[in-house]
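Trainee: task: produce atomic coordinates for the following.
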Amino acid sequence: MRPLPDFPVSCASRPSAPGGDLTATGRELLRRFHALPEERLAILRRAGGVALACGRDLFWVGGGVRDLWLGTSELDIDLVVDGALEPFAERLAAMLGAQLRSHPQFLTAEFLAPGGMRVDLAAVRSERYVAPASLPLVSPGTFASDLARRDFTINCLAVPLAPAFGDRLVDNCGGIRDLERRCLRTLHPASFRDDPTRILRGLEFEARLGFSFAPETEREAESAIAEGMLLRLSPARLGEAMRRALGRAESAAGVLRRLRGLNALSAIEPGLARAGDAAARFDAAQGAFRRAAGRPLAGTFRLALLSLALDLDDEPRERLAKRFALPAAERALVVGGPEHIRAAWLALGGEPLASAVHASLALLSDEELAVVAARGEGARAWVERECAELRRFRLRIDGRDLIAAGLPAGPTLGRALAVTLEARLDGRIDAGDELAFALGAAAGEAE
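Mentor: Numbering: from 1, shown residues only. Presented below is the predicted three-dimensional model:
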């Protein structure tokens, strides 16, 4: 979806109840709703028709409605049904030829619509938290209770799809007011204690969307962090929340900066209190890799992890990997990556041979290369050469040529080819000398 032009927000906003008067912002949101791309509107109309046939009220809620105001393309389709979910969900999925996945214990379901658009469905719910940071107990509720269980006021906006289609904007929580002010406000003071992942979600919204916590919400976040709420999350939930918060290249550094300012990093791992500026390191590495490799770095979360782990000792790195429940590859990056990087920095000192540089960089991941490249212009130039030349260099000969020249098969072949590659990279021999040099290396080993 092309971003729609900004509209004035000078009009004071107030909550708009069903059937109530809309502010200028609310009217513009509805205009943008009816101007959605036809393929998206078609799905919403069909959903409204199915809900009407089932005798259910239906609402489009949450981030998608919020993003109408922001003019972004990530307009989620989150639908809330006032009543039993299953008959509605099954009929809608069948109508669209989609495979429905239901989660009765959470009163939710989802499917991929034609074109790959994800549609999330839920019955109106209430939630109850029996302990801080625990998963909620979900039960049927009312539409008002469903809005009240959400994280921030800007995610409580809704557009009815049935019985009437897009005739008004529901804003029971003051979301329009906070959209206009680019303000993130929780719905109640215990929100971050109930679900501390909301802190991380809010910081990602701040960094990506240009919002700021309301003063009281900032205090609530500081209090929840100081009370150790983040560490009351299971490692799996904390790790997934961090992955989402640090998963976008354009906002990860901003999230890291805010986490440090809120003392959340040291609350997660005390060793991070003495670590360097992970946000600055992330930005520098991301830029250095783009210049060196000629492409953006894909592993944003992996680079964020490495930026956090670089100054930690072995034991804190192990703890950090466990606290985020990292899978094997990411755990290896956090635990072993800093040592690989420091070894590479040593290898690049002075006037190294190309073969020595390649030996130190060849097995590094893109994220490790990015941090190496951020060391300075000399390091960045070597990483650029590694990506553009050294990793792609191939000898003109291979093991078959050596066997044809009389060498027996065996490990000697591989060692001779490796020595020959080093000589070529360092410019000690030309392409035409490869076979003779390799045979001489093999003969020397045999003596």
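
Trainee: can you map out the strands along the stretch 151-300 of the chain?
Mentor: 158-162, 183-184, 212-213 (DSSP state E, counting those that start in this stretch).

Trainee: just put these in a markdown table and tack on distance to Thr142, mean neighbour count and mean pLDDT.
Mentor: From N, CA and C alone the C-beta is placed, and that goes for glycine too. Converted to a markdown table, the strands of the stretch 151-300 of the chain look like this (distance: least, C-beta to C-beta, whole Å; neighbours: other C-beta atoms under 10 Å; pLDDT from 0 to 100):
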| stretch | distance to Thr142 | mean neighbour count | mean pLDDT |
| --- | --- | --- | --- |
| strand 158-162 | 13 | 23 | 97 |
| strand 183-184 | 25 | 22 | 98 |
| strand 212-213 | 28 | 19 | 98 |
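
Trainee: possible to save those as TSV with distance to Phe152?
Mentor: Shown next, in TSV, are those (distance: least, C-beta to C-beta, whole Å):
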stretch	distance to Phe152
strand 158-162	14
strand 183-184	5
strand 212-213	9
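
Trainee: let me know the average pLDDT across the helix or strand hosting Arg385.
Mentor: Using DSSP states H and E, Arg385 maps to helix 377-388. In this model, helix 377-388 has an average pLDDT of 96.

Trainee: buried residues, that helix. List them.
Mentor: 379-380, 382-387 (16 or more other C-beta atoms under 10 Å).

Trainee: Phe213 and Glu220: what is the separation?
Mentor: Applying C-beta to C-beta, to the nearest Å, the value for Phe213 to Glu220 is 8 Å.

Trainee: equivalent analysis for Val159, please.
Mentor: Applying C-beta to C-beta to Val159 and Glu220 gives a distance of 29 Å.

Trainee: quick one: Asp120 is in a strand?
Mentor: Yes - using DSSP: H, G, I helix; E, B strand; the rest coil, the assignment for Asp120 is a strand.

Trainee: what is it paired to in the beta sheet?
Mentor: Beta bridges link Asp120 to Asp78, Glu110 when assigned by DSSP bridges.

Trainee: okay, now it: neighbour count?
Mentor: As a burial measure, Asp120 scores 16 neighbours (other C-beta atoms under 10 Å).

Trainee: spit out the contact partners of it.
Mentor: 76-79, 108-110 (C-beta atoms under 8 Å, 6 or more residues apart in numbering).

Trainee: may I see the PyMOL selection of the buried members of those residues?
Mentor: Restricted to buried positions by 16+ other C-beta under 10 Å, the PyMOL selection for the contacts of Asp120 reads:
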select buried, resi 76+77+78+79+108+109+110
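
Trainee: pick out the most distant pair among the contacts of Asp120.
Mentor: Asp76 and Ala109 (14.8 Å; C-beta to C-beta).

Trainee: where exactly do the helices run in the stretch 151-300 of the chain?
Mentor: Using DSSP state H, counting those that start in this stretch, the helices of the stretch 151-300 of the chain run over residues 175-180, 191-194, 197-209, 215-226, 229-232, 235-245, 252-261, 264-268, 278-293, 300-309.

Trainee: quick one: list the elements packing against the third one.
Mentor: Using 3 or more C-beta pairs under 8 Å, 6 or more residues apart in numbering; DSSP states H and E as the contact criterion, the secondary-structure elements in contact with helix 197-209 are strand 183-184, helix 191-194, strand 212-213, helix 215-226, helix 235-245, helix 252-261.

Trainee: angle of that helix against helix 235-245?
Mentor: Inter-element angle recorded for helix 197-209 and helix 235-245: 10 degrees (by axes from the mean of the first three to the mean of the last three C-alpha atoms, to 10 degrees).

Trainee: same question for the longest one.
Mentor: Taking the same axes, to 10 degrees, helix 278-293 and helix 235-245 form an angle of 60 degrees between their directions.

Trainee: pLDDT at Ala370, what is it?
Mentor: 98.

Trainee: what's the neighbour count on Gly399?
Mentor: 15.

Trainee: what's the closest non-adjacent residue to it?
Mentor: Leu413 (4.6 Å; C-beta to C-beta, 6 or more residues apart in numbering).

Trainee: neighbours of that neighbour, how many?
Mentor: Other residues close to Leu413 by other C-beta under 10 Å number 19.

Trainee: just the CA coordinates for the helix or strand hosting it, please, in CSV.
Mentor: Element membership for Leu413 (DSSP H and E) is helix 411-425. Taking Å, rounded to 0.1, in the frame of the first residue of the first chain, the C-alpha atoms of helix 411-425 are listed here in CSV:
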residue,chain,number,x,y,z
PRO,A,411,45.3,-36.1,2.5
THR,A,412,48.5,-35.0,0.9
LEU,A,413,46.5,-33.7,-2.1
GLY,A,414,44.4,-31.4,0.1
ARG,A,415,47.4,-30.0,1.9
ALA,A,416,49.3,-29.4,-1.3
LEU,A,417,46.2,-27.5,-2.8
ALA,A,418,45.9,-25.4,0.4
VAL,A,419,49.6,-24.4,0.3
THR,A,420,49.2,-23.5,-3.4
LEU,A,421,46.1,-21.4,-2.7
GLU,A,422,48.1,-19.5,-0.1
ALA,A,423,50.8,-18.8,-2.6
ARG,A,424,48.4,-17.6,-5.2
LEU,A,425,46.6,-15.3,-2.7
